[in-house]
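Novice: quick check, what structure comes out for this input:
(2 chains)
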Amino acid sequence: MQQLGSTLAANRFGLGARPGELAAIGGDGRDWLRAQLTQRPPLIGAAQLSSSAAVLGEAFALQREIQQARRSGNEAQQKLPQFLKPIYTAEASARFQQAVASDRPFLERLTQFWTNHFAVSIDKQFLAGLAGSFEREAIRPHVLGNFGDLLVAAETHPAMLLYLDNHLSVGPHSPAAIRAGLRPRGQRTLGINENLGREILELHTLGVGGGYSQADVTSFATVITGWSVGGGSGLFASGPPGRFVFRPETHEPGTKTVLGRSYPDSGYRQGIEVLNDLAQHPSTARHIALKLARHFIADDPPPAAVERLAGAFSEFGGDLPAVYRTLIDTREAWEQPLAKYKTPGDFIVSSYRGLSLPVDAAHGPLAPFELLGQRTWQPGSPAGWPDRSADWDGASGLLKRVEWADAVGGRLGSRRDAGELAPELLGANLTGATATAIARAASAQQAVTLLLAAPEFMRR
Amino acid sequence: MSAIKRREFLTLGALAAGGALITPRVSFARAAAGQGRPRLVLVILRGALDGLAAVPPCGDRDYGRLRGEFALRAPGEAKGALALNGFFGLHPSLAFLGESYAARELIVFHAVASPYRERSHFDGQDVLENGTPVAHALESGWLNRALGAAPGAARREAGVALGQNVPLVMRGPAEVASWSPSKLPGPDPDTLARITDLYAHDPLLSVRLADALMANSMAEEGGAMAPSQPPAAPAGSSPAPAQASPPPAQYAEVVRAAAGFLRQEDGPQVAVFDTTGWDTHANEGGAEGQLAGRLAALDRGLATLKEQLGPAWRETAVLLVTEFGRTAAINGTRGTDHGTATMALLVGGAVAGGRVIADWPGLAPHALYQGRDLMPTLDLRCVLKGVLEEHLEIPARALESTVFPGSERARSLKGLMRA
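Specialist: Residues are numbered from 1 along each chain as shown, chains lettered A, B, ... in the order given. Sure, this is the predicted structure:
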């Protein structure tokens, strides 16, 4: 019988045990997790993946081509999706591959947590080609860094600016808006779009009850006017294609007040200064602490645990490894076995890890995510995927997992011994009922299906 | 009982004055007329649908100024709005809904809002679904609690959610099914029996699996199970990332499945599904464009629902709601930001339609909520309570106490359904 510590370390903090992993972790699990925090950030070293700037530059060029073709009556609509789809597939496959193969799965889980915190979704134009590079460029380098740096990297990334429409937001008193107003037939008024400003306050930093008003949203949106992306069209054409640019001509001039503090106009820096203050705000500490505790401990985490995490966040100035270490040291995280129902993504990755399944990049490796209802980087909203059991434990969703487990069993046949694997994967969580059911299975295929369908494999 | 004359309430003021005095017992009338069971479809439009675009107040003198290049032309003009009552129009993409209005099967509610007054999608949707004035106040939804209070509530699975998971509005103590199309063949009966055994002592998974299997057999009866694509093994080819959400094909499949469940005489009475993509911050478009395309897909889905329901459409009411509206004026990126009041729609053969119910606040600068949004003058809960009371025969007492706690002042709208 494995100890609970290694079982929880691998399944709750990691992405599911691989055969032999529990033994390698040893009894406690905490040291194994702490060791993952001291090395390089969890980058993906794949030379064949393109930068967001390269993808977006080409996508903008393609879009211009399509628009010209449309004017001359040619249908070229499909060109953009045809360009973006293979990029999405390559990026999501590389991420899946890394999650399955990683010997630092805690860092992969944390990466996914932060990507979901700063969620973009591929159902918006261009994002299918950018979501992967967003994670590689803005999230991964900062997973072991400081929250303030992570925040700035995420909000200034072209994927985020496009996703929440800030690239086109124009200060109503900016030089560009004034010029547009002087034009005789300029019936189009230039102005702000408050989408990014609102979601930074509501979702990325303070949280919805964090003490901001509509006036703060509007004011902050004017602060970040001019934060844009190069290589667009019209007013937004200048600058290196696909890269962040600050456009002084669309930036709203003047001092602005956000959360009672006044920020003199410093152009691009004005937004950075607000972000720096937001990163250190006590509401942000509580918001991040609650989300981390909900992810790692329980849907409704013990308030004392949330307080401790928020305290560490503030005390160490947003130093993320310090917060993670506090999480590892949180007694409650080790006391509630199986408190979380796995998301479909967790279920798939832990199955691949546990059964040593290959991620076959040539043959539609992402189909399981589609089938089980959690397509990579498509949460559909800037709030990201929900993180409570009730959001995932629907009847139809469970049946889909059972059907998929059956298909995996059928594919593997007798090439895996579920009876041997069960204690290696489930450790201290393995129940007698599951062990017996697997031992009595009618075939090796059915035994694999029962292992993946077992109640203790559905949870972490 | 059926002799009680229905009143036509054109404004909330009229309702407040007279609405509380009569409680028509539509159940008797329906039974006497030999009609079947009432069916309700709830469609949640996630992302805050722009009510001023879907149902433009063409007769409002401030509308054209606020909407600029995206203001819809008046009915009768090229690409103009579809005519409703001379003041309001319908977006030209909503052809089926326009016909439904003419056939007196559509009620349009305007300047309507849930009790939520902030501008977060996620809290707004929570309030819309949990049925209280406060986000996250309850972990169950008003529709689930209503099913628990329905006459003959003991029957399992009176409701079905179309999707792998159950949205908050349908979560709660009453057992509901969820169903989504499957591309895998599924385990043989022996494997399934062993998994059922394995779940015997797991209170959550045992119920979920039983519900899923029951929903599958109901879906088979309803003809919704025919796989639209050949079964794919886990290593099948990966589909293209969606460019629009929901993908039209998937949306049609969901609508067909909903109809498949509802048209069975002993199947679920209530179906819920949601659509996304209404958060039009940039390049929203007018008579044509982004929002127009989404509205057209929604409209086609409703037409499909009617066609697929066949005779059961006569007993059906479809309620379309969104978490809040959008700013009255176009923003700087040719879209609209988060707002307050919006529209809601009630369409179906059981609806006493052909009217707009709105106490119109106007769009003049001083009339806007916080100087920017359409002012709410009708509490969405009045609509929801009216539908639940008259259509599903949920007792008024339960509506006040358990379904919509704290809603005493939001009196149920009467006369929404045909007698």
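Novice: all contacts plus neighbour counts: C-alpha atoms, from now on.
Specialist: OK.
Novice: any weak-confidence spans in chain A?
Specialist: A:1-2, A:75, A:184-188 (pLDDT under 70).
Novice: quickly find the element holding the residue nearest the centre of it.
Specialist: By CA atoms, centre = their mean, chain A has its centre lying nearest to A:T115, at 1.9 Å. Here A:T115 sits within helix A:105-117, counting by DSSP states H and E.
Novice: helices or strands next to that helix in the packing?
Specialist: Contacts defined by 3 or more CA pairs under 8 Å, 6 or more residues apart in numbering or on different chains; DSSP states H and E place helix A:105-117 against helix A:79-101.
Novice: and the helix it packs on, what's buried?
Specialist: With burial defined by 16 or more other CA atoms under 10 Å in any protein chain shown, the residues of helix A:79-101 counted as buried are A:80-81, A:83-85, A:87-101.
Novice: and chain B, is that helix touching that?
Specialist: Yes. Helix A:79-101 reaches chain B (CA under 8 Å from any CA of the partner chain) through A:P81, A:K85, A:Y88.
Novice: what's near enough to touch the last one?
Specialist: Each residue near A:Y88 by CA atoms under 8 Å, 6 or more residues apart in numbering or on different chains is listed here: A:A128, A:G129, A:L130, A:A131, A:G132, B:P241.
Novice: one more pass at 10 Å, please.
Specialist: By CA atoms under 10 Å, 6 or more residues apart in numbering or on different chains, the contact set of A:Y88 is A:49, A:94, A:122, A:127-133, A:376-377, B:240-241.
Novice: on that earlier part again, any idea how far A:I272 is from the residue nearest to the centre of chain A?
Specialist: From A:T115 across to A:I272, the span is 20 Å (CA to CA, to the nearest Å).
Novice: whatever residue of the stretch 1-150 of chain A ends up closest to chain B: what secondary structure?
Specialist: When scored by CA to the nearest CA, the stretch 1-150 of chain A has A:D123 as its residue closest to chain B, at 5.2 Å. Here A:D123 is recorded as coil under DSSP: H, G, I helix; E, B strand; the rest coil.
Novice: so it makes contact with A:Q378?
Specialist: Yes. Judged on CA atoms under 10 Å, A:D123 makes contact with A:Q378 at a distance of 6.6 Å.
Novice: ok so, going back, hmm, which of the contacts of A:Y88 are the buried ones?
Specialist: A:49, A:94, A:122, A:127-133, A:376-377, B:241.
Novice: and the residues you listed, which is closest to B:L52?
Specialist: Nearest to B:L52 among the buried ones among the contacts of A:Y88, counting by CA to CA, is A:I122 at 27.6 Å.
Novice: could you find the closest non-adjacent residue to the closest one?
Specialist: Among residues not flanking A:I122 along the chain, A:A128 sits closest, at 4.5 Å (CA to CA, 6 or more residues apart in numbering or on different chains).
Novice: assign that neighbour to helix, strand or coil.
Specialist: helix.
Novice: rewinding a little: with just CA atoms, put the helix or strand just after the helix holding A:T115 into PDB.
Specialist: Once the chain leaves helix A:105-117, the next helix or strand it forms, by DSSP H and E, is helix A:131-134. The C-alpha trace of helix A:131-134 is given here as PDB (Å, rounded to 0.1, in the frame of the first residue of the first chain):
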ATOM      1  CA  ALA A 131      -3.300  30.700 -27.800                       C
ATOM      2  CA  GLY A 132      -0.400  28.300 -27.800                       C
ATOM      3  CA  SER A 133       2.300  30.900 -28.300                       C
ATOM      4  CA  PHE A 134       0.600  33.100 -25.700                       C
END
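Novice: tell me how far helix A:131-134 lies from the chain's centre.
Specialist: Helix A:131-134 has its C-alpha centroid displaced from the chain centroid by 10 Å (CA atoms, centre = their mean, to the nearest Å).
Novice: over to stretch B:310-322?
Specialist: 9 Å.
Novice: go through that stretch and flag the buried ones.
Specialist: Buried residues in stretch B:310-322, defined by neighbour count with 16+ other CA under 10 Å: B:A312, B:W313, B:R314, B:E315, B:T316, B:A317, B:V318, B:L319, B:L320, B:V321, B:T322.
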